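Enquirer: Coordinates for the following, if possible.
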Amino acid sequence: MISILIPTYNYNTLPLVEELHRQAVSESIEFEIIVADDASPINENTEINSKINQLSNCQFERNQTNLGRGQNRNSLVQKAKYDWVLLMDCDTFPKDKNFIKTYIESLENQSEKAIFGGIIYYDEKPKEDEMLRWIFGKSREEIPLSKRLANPFHYALISNILVKKEILLSHPFANEIFNYGYEDIVFILGLKKEQIAIGHIENPTYHLNLEKSAIFLEKFHSSLRNLKLVLDKNIIHAEDTALTKIYVKLKRLHLVKTAAFGFGIFKSLYTKNLLSKNPSLFIFDVYRLGYFCQINSK
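Expert: Numbering: from 1, shown residues only. Prediction:
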């Protein structure tokens, strides 16, 4: 009935799998859980995750070579044996004990071939050096159901989404996206282009892994390089994201190099704010635009 697919990389995924396994067993449904580690270094997490194989209908495997974020997910989809696929990130955890039950019931109540349950963050503030990821998540990813329903394509993520397998096979994740960033948007835009509706329900998972702000900022460097790649290859178009819309306006006004120069001057000030205990999302947006102009002006 349902294949639960979890790509991972050097992360203890066992607690998530144990909870999903417990819920699926209690529902007496046909299921499988497949976790694929994308060739991360062998360490204690590898040993812990290997215990997943001891659970019924569960499998942990480790890729011999690093496939990248898109291809790793595509590989998992190819192995799935059920018609419905639940894609989850390894650093998420269901909010409710009826998480699986809610998704199963949604198949009776929703006509869409993709159903997004939502992402939330704990209200308790994290350590000071993890504030940027938490503030970004609370503001940009933890979206109430009413708002998600009003703009279903804009507010869908692939970290907690139930999708018909046939859709994932016909709309695979972009293999060009190897590292962190924009795989969600590229996939969702593909569904939007084909007018494949996305349903939204209240069935969230917590995002658990709050990176240090410096690491999160560096990961956004990677994501913006991905954005440049998919934009250059016409996988997405300038009107598809707010950042690229502004970038194109700057380009038409011949201001990209000016913006990149300004970013170079003020980068240290931006960074100081973003790594502080009170980071500004406005400055974060300015930083991202400046960095995007910089990598496009070289």
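
Enquirer: Please count neighbours and contacts with C-alpha atoms only from this point.
Expert: Will do.

Enquirer: quick one: contacts for residue 30?
Expert: 1, 2 (C-alpha atoms under 8 Å, 6 or more residues apart in numbering).

Enquirer: Quickly note the distance from residue 59 to residue 145.
Expert: Taking C-alpha to C-alpha, to the nearest Å as the criterion, residue 59 is separated from residue 145 by 33 Å.

Enquirer: try residue 109
Expert: Distance from residue 109 to residue 145, by C-alpha to C-alpha: 16 Å.

Enquirer: who has more neighbours, these two?
Expert: residue 145 (18 against 9; other C-alpha atoms under 10 Å).

Enquirer: Would you state the strands of the stretch 151-298 of the chain in chain order?
Expert: Assigned by DSSP state E, counting those that start in this stretch, the stretch 151-298 of the chain shows strands spanning 160-164, 199-200, 205-207.

Enquirer: Dump the ones you listed into CSV; add mean pLDDT, mean neighbour count and distance to residue 135 as well.
Expert: Formatted as CSV, the strands of the stretch 151-298 of the chain follow (pLDDT from 0 to 100; neighbours: other C-alpha atoms under 10 Å; distance: least, C-alpha to C-alpha, whole Å):
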stretch, mean pLDDT, mean neighbour count, distance to residue 135
strand 160-164, 97, 22, 20
strand 199-200, 96, 23, 23
strand 205-207, 97, 21, 12
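
Enquirer: And these: which comes nearest residue 86?
Expert: Closest to residue 86 of these is strand 160-164 (C-alpha to C-alpha; 4.3 Å).

Enquirer: now for that closest one, which elements pack on it?
Expert: Packed against strand 160-164 by the contact rule (3 or more C-alpha pairs under 8 Å, 6 or more residues apart in numbering; DSSP states H and E) you find strand 84-88, strand 114-116.

Enquirer: so can I have TSV of these showing mean pLDDT?
Expert: Formatted as TSV, the helices and strands packed on strand 160-164 follow (pLDDT from 0 to 100):
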stretch	mean pLDDT
strand 84-88	97
strand 114-116	97
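
Enquirer: just these: most buried one?
Expert: When those are scored by mean count of other C-alpha atoms under 10 Å, the highest mean neighbour count falls to strand 114-116 (a mean of 26).

Enquirer: avg pLDDT for whichever helix or strand comes after that strand?
Expert: Tracing the chain C-terminally past strand 114-116 and defining elements by DSSP states H and E, one meets strand 119-120 next. Strand 119-120 shows an average pLDDT of 97 in the prediction.

Enquirer: Quick check: next helix or strand after strand 119-120?
Expert: Moving toward the C-terminus from strand 119-120, the next helix or strand (DSSP H and E) is helix 131-136.

Enquirer: chain center to that following helix, what's the gap?
Expert: 15 Å (C-alpha atoms, centre = their mean, to the nearest Å).

Enquirer: just stretch 99-107 next, same as before
Expert: The answer for stretch 99-107 is 21 Å, by C-alpha atoms, centre = their mean.

Enquirer: ok, now stretch 50-57?
Expert: For stretch 50-57 - counting by C-alpha atoms, centre = their mean - the centre lies 25 Å from the chain centre.

Enquirer: Span of it from start to end?
Expert: End-to-end for stretch 50-57, by C-alpha to C-alpha: 14 Å.

Enquirer: Just the mean pLDDT for that stretch, thanks.
Expert: 98.

Enquirer: Same check on stretch 4-12?
Expert: Mean predicted confidence for stretch 4-12 is 96.

Enquirer: mind checking which helix or strand of the chain has the lowest mean pLDDT?
Expert: Within the chain, no helix or strand scores below helix 183-193, which has a mean of 89 by mean pLDDT, DSSP states H and E.

Enquirer: Buried residues, that helix. List them.
Expert: 183, 184, 185, 186, 187, 188, 189, 190, 191 (16 or more other C-alpha atoms under 10 Å).

Enquirer: closest to residue 218 among those residues?
Expert: residue 183 (16.8 Å).
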